[in-house]
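Novice: Here's a sequence, model it:
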Amino acid sequence: MRIIASVLLLSLLAACELIPKSQQTQYLTVLHTNDHHGRFWHNEDGEYGMAARKTLIDKLRNEAQQQGHSVLLLSGGDINTGVPESDLQIAEPDFKGMSLIGYDAMAIGNHEFDNPLDVLDKQIAWSNFPLLSANILDKQTQKHAYQPYAIIDKHPLKIAIVGLTTTDTAKIANPQYIGHLDFVEPAVATQPLVDEIKSKYNPDVVIAVTHMGHYHNANFGINAPGDVTLARTLKPNTLDMIIGGHSQEPICVDEHGNPNNEFKPGDACWPDKQNGIWIMQAHEWGKFVGKAVFKIDNGEKTLLSYDLIPVNLKNEHGHYINEEIEKDDALYAFLLPYQEKGALKLAGSVGSIDHYLDGTRDTVRFKQSLIADLIINAQAEAVGADFGIISGGGIRASIKAGEVSYKDILTVHPFKNRVAYIDWQGTELINYMNVVASFPPDAGAYLQHHKIDFEMKNGVVTINAINGKPFHKDHTYRMSINSYNASGGDGYPTISEHKNYQVTDLTDAQALRIYIEKHSPIKVKSL
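Specialist: Below is the predicted model of the structure:
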């Protein structure tokens with residue numbers, strides 16, 4: 001009987017081999033995360049973290065493989081910047097942790113350029129998966145600066161993955177690091193590249209893994225065009241799906257394709273679809289793992305199911321939304337020394353503040369803020385400036401009332417920008433302010449200023465006073481600024497070559513720490 005059964009099995013397998021792959025029904029499970037931002041460790045409430053993420057992904061991967069599915073794990077980028085324990089170690093635990101989890105590829109995000117490029121080179125070396133971007137070119141050679149795509153064999157499927165990065169990187173990344181790079185329009189880079197890939201490799205599935213943002217109905221506002229614009233611009237059947245990031249949202253739509261603004265962790269979710277292309281994004285920080293299950297029959301891809309699975313997220317009562325996911329022992333042990341090393345550097349109080357300082361996006365990019373006043377005071381005092389400015393997008397967190405730690409400061413200032421200053425002649429200053437004061441709300445460039453009193457009417461600035469004294473066009477005034485904005489970051493005029501510009505070795509975080517230590521307890525009224 002065993003011999004007969006073996007013969008029948010071999011005959012069946014041989015018959016399957018005779019059926020062209022394009023006529024066989026295949027299944028593909030795509031798992032994805034995005035906008036990790038240094039969250040290799042769980043938060044103080046025990047939510048998310050890479051060790052629990054690995055347990056969940058291992059489970060999902062094993063279940064899919066047992067069902068005969070090919071399985072792919074992708075990231076929409078922005079691994080860097082957000083948690084001091086990670087930032088102090090240039091995201092080494094994060095990239096090495098992703099390698100241990102088994103990511104197949106990721107998009108290069110704008111925050112991958114927060115550090116000098118030799119740091120990105122190290123991160124690429126730490127990763128056993130490709131970091132992709134097809135629309136970043138070397139200005140001089142016009143060749144790809146980074147790996148543009150990858151062909152991944154997930155037997156029996158051959159999968160092409162193209163990486164794309166928001167063109168906003170050109171203005172929001174540090175110009176000192178990216179001045180030699182061109183960020184070309186994603187569709188311009190994608191269409192000919194995918195055509196070439198299809199001709200050369202004949203892949204079964206083509207995916208764009210992107211860090212560009214999802215903006216419903218292509219309403220991208222002041223941002224660079226995102227995934228919806230890309231999907232609508234490409235020729236039909238160019239891509240099968242877009243796995244995205246950057247806008248840091250769960251992409252869920254209702255039966256009419258409108259955004260499901262009522263989505264909360266644990267709810268059902270269905271991704272967007274534009275021009276035949278599925279668009280998915282899994283919020284941020286590893287809070288969710290996205291899971292899409294596709295049936296591929298005669299080359300046609302059908303999305304059978306989609307889930308955004310919470311990773312140990314809790315509800316308002318402090319209870320896990322799903323059952324608690326145990327942390328993977330091996331990955332936990334690997335990451336623990338990094339967490340302990342980072343925590344040791346951050347321990348202890350540096351001072352205190354008597355009032356909550358709101359550094360949320362909805363404040364610092366829309367109106368003048370007390371936290372900006374504190375930051376500018378610290379930088380102005382460090383360089384003896386009369387007044388100072390900072391772009392709202394450079395403020396990344398709030399500071400709670402009470403004791404302030406160095407970790408709190410580094411969470412506000414994760415970018416390691418250096419404190420700088422420039423001595424303006426009054427008429428020069430007016431010209432400069434005409435530009436920087438014109439940036440609209442809801443932009444990272446939105447101007448935060450302190451100790452300069454001005455009005456803007458019909459696009460023209462009138463300066464009334466500086467540091468409490470009447471303004472005179474023929475006087476010289478010292479302005480504090482960080483090296484990022486001075487170098488053209490966030491679209492500010494480049495002043496780093498001005499004869500009266502000076503940059504110090506002091507970082508913005510160091511300046512804020514020194515100021516808080518010196519002036520504590522800080523009373524908000526004194527700002």
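
Novice: Pull out the buried positions in stretch 132-147.
Specialist: By neighbour count with 16 or more other Cβ atoms under 10 Å, stretch 132-147 contains the buried residues 132-137, 144-146. C-beta here means a position set from N, CA and C on the backbone, and glycine is covered the same way.

Novice: next one: it to chain centre, how far?
Specialist: Remark: stretch 132-147 is offset 20 Å from the chain centroid, using Cα atoms, centre = their mean, to the nearest Å.

Novice: Need the contact partners of that stretch.
Specialist: 105-108, 130-131, 148-150, 161-165, 167, 169, 180-186, 188-190, 193, 209 (Cβ atoms under 8 Å, 6 or more residues apart in numbering).

Novice: Could you pick out which of these are located in helices?
Specialist: Counting by DSSP state H, the part of the contacts of stretch 132-147 found in helices is 169, 186, 188-190, 193.

Novice: Need the max-distance pair from the buried residues of stretch 132-147.
Specialist: Taking Cβ to Cβ as the measure, the buried residues of stretch 132-147 span a maximum distance of 13.9 Å, between Leu132 and Leu137.

Novice: what domains does the record give for this structure?
Specialist: Domains of the chain are assigned by automatic domain parsing as 21-342, 349-526.

Novice: would you turn those domains into JSON lines with mean pLDDT?
Specialist: What follows is these, written out as JSON lines (pLDDT from 0 to 100):
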{"stretch": "domain 21-342", "mean pLDDT": "96"}
{"stretch": "domain 349-526", "mean pLDDT": "96"}
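
Novice: what sits against the spatially most central residue of the chain?
Specialist: Nearest to the geometric centre of the chain sits Asp78, at 3.4 Å (Cα atoms, centre = their mean). Shown in contact with Asp78 (Cβ under 8 Å, 6+ apart): 34-37, 109-112, 211, 245-246.

Novice: likewise Ala486?
Specialist: Counting by Cβ under 8 Å, 6+ apart, Ala486 has contacts 420, 422, 492, 494-496, 501, 503.

Novice: Helices of the stretch 301-450 of the chain, residue ranges please.
Specialist: Secondary structure of the stretch 301-450 of the chain by DSSP state H, counting those that start in this stretch: the helices cover 329-346, 361-364, 370-383, 406-412, 426-436.

Novice: what's the answer for the stretch 151-300 of the chain, then?
Specialist: Using DSSP H, counting those that start in this stretch, helices in the stretch 151-300 of the chain cover 169-172, 175-178, 186-201, 227-233.

Novice: Take these and lay them out in TSV including mean neighbour count and distance to Glu85.
Specialist: Converted to TSV, the helices of the stretch 151-300 of the chain look like this (neighbours: other Cβ atoms under 10 Å; distance: least, Cβ to Cβ, whole Å):
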stretch	mean neighbour count	distance to Glu85
helix 169-172	22	24
helix 175-178	19	23
helix 186-201	16	33
helix 227-233	23	31
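
Novice: right, so of those, which gets closest to Ala385?
Specialist: Nearest to Ala385, of those and by Cβ to Cβ, is helix 175-178 at 21.3 Å.

Novice: Touching that closest one from outside, list them.
Specialist: Helix 175-178 is contacted from outside by 113, 115-117, 169-170, 483-484, 487-489, 494, using Cβ under 8 Å, 6+ apart.

Novice: Next one: Ser247 from Pro440, what distance?
Specialist: 18 Å (Cβ to Cβ, to the nearest Å).

Novice: Between these two, which is the more surrounded one?
Specialist: Ser247 (23 against 11; other Cβ atoms under 10 Å).

Novice: quick one, phi/psi of the residue nearest to that one when sequence neighbours are not counted?
Specialist: Among residues not flanking Ser247 along the chain, Gly213 sits closest, at 3.7 Å (Cβ to Cβ, 6 or more residues apart in numbering). As for Gly213, its main-chain torsions (degrees, to the nearest 10) stand at phi 100, psi 150.

Novice: Starting from Thr169, give me the distance back to Gly213.
Specialist: 12 Å.

Novice: closest to Asp354 among the contacts of helix 175-178?
Specialist: Of those, the one sitting nearest to Asp354 (Cβ to Cβ) turns out to be Tyr484, at 29.7 Å.

Novice: So that closest one belongs to a strand, correct?
Specialist: No: counting by DSSP: H, G, I helix; E, B strand; the rest coil, Tyr484 is not part of a strand but helix.

Novice: for it, what are its contacts?
Specialist: Going by Cβ under 8 Å, 6+ apart, Tyr484 touches 174-175, 391, 394, 415, 417, 490.

Novice: Now that Val209 has come up, it's in contact with Leu72, right?
Specialist: No: here Val209 lies out of contact with Leu72, judged by Cβ atoms under 8 Å, at a distance of 9.8 Å.

Novice: More neighbours: which of those two?
Specialist: Comparing Val209 with Leu72 by neighbour count (other Cβ under 10 Å), the higher total belongs to Val209, at 30 against 25.

Novice: Name all residues that make contact with the more buried one.
Specialist: Counted by Cβ under 8 Å, 6+ apart, Val209 has contacts 74-77, 105-107, 132, 161-164, 242-244.

Novice: which of the residues you listed lies closest to Glu284?
Specialist: Nearest to Glu284 among those, with distances taken as Cβ to Cβ, is Gly76, at 9.7 Å.

Novice: Around the closest one, how many other residues sit close by?
Specialist: Gly76 - counted by other Cβ under 10 Å - has 32 other residues nearby.

Novice: my read: it touches Gly245, true?
Specialist: Yes: judged on Cβ under 8 Å, Gly76 makes contact with Gly245 at a distance of 2.5 Å.

Novice: so what sits against both of these two?
Specialist: With Cβ under 8 Å, 6+ apart as the test, Gly76 and Gly245 both reach 34-35, 107, 109, 210-211, 281.

Novice: And the residue nearest to the centre of the chain, how far from Ala107?
Specialist: Asp78 is 9 Å from Ala107, by Cβ to Cβ.

Novice: which residues are common contacts for the two?
Specialist: Joint contacts of Asp78 and Ala107 (Cβ under 8 Å, 6+ apart) are 211, 245.

Novice: Report how many residues lie close to His256.
Specialist: Other residues within reach of His256, judged by other Cβ under 10 Å, total 5.

Novice: Please tell me how far it sits from Asn217.
Specialist: 12 Å.

Novice: Kindly report the same for Asn464.
Specialist: The value you get for Asn464 to Asn217, if Cβ to Cβ is used, is 43 Å.

Novice: The helix or strand where Tyr27 lies - contacts with which helices or strands?
Specialist: Using DSSP states H and E, Tyr27 maps to strand 26-33. On a contact count with 3 or more Cβ pairs under 8 Å, 6 or more residues apart in numbering; DSSP states H and E, strand 26-33 meets helix 50-66, strand 70-75, strand 157-165, strand 241-243, strand 288-297.

Novice: Which residues does it contact?
Specialist: 53, 57, 60-61, 64, 67-76, 154, 156-157, 159, 204-205, 207, 241, 243, 280, 282, 286, 288-297, 301.

Novice: again, only this time at 6 Å
Specialist: Contact with strand 26-33 is made by 60, 64, 69-75, 157, 243, 282, 286, 289-296, as judged by Cβ atoms under 6 Å, 6 or more residues apart in numbering.

Novice: cool, and stretch 406-421?
Specialist: With Cβ under 6 Å, 6+ apart, stretch 406-421 has contacts from 81, 84, 87, 114, 346, 350, 359, 379, 382-383, 385, 396-397, 399, 478, 480-484, 486, 502-504, 506-509, 511-513.

Novice: Mind checking what secondary structure the nearest residue to Leu193 once chain neighbours are set aside has?
Specialist: Leaving out its chain neighbours, the residue that sits closest to Leu193 by Cβ to Cβ, 6+ apart is Ala134, at 5.5 Å. At Ala134 the chain is in coil, as set by three-state DSSP.

Novice: Next up, phi/psi of Ala134, please.
Specialist: According to degrees, to the nearest 10, Ala134 has phi -90, psi -10.
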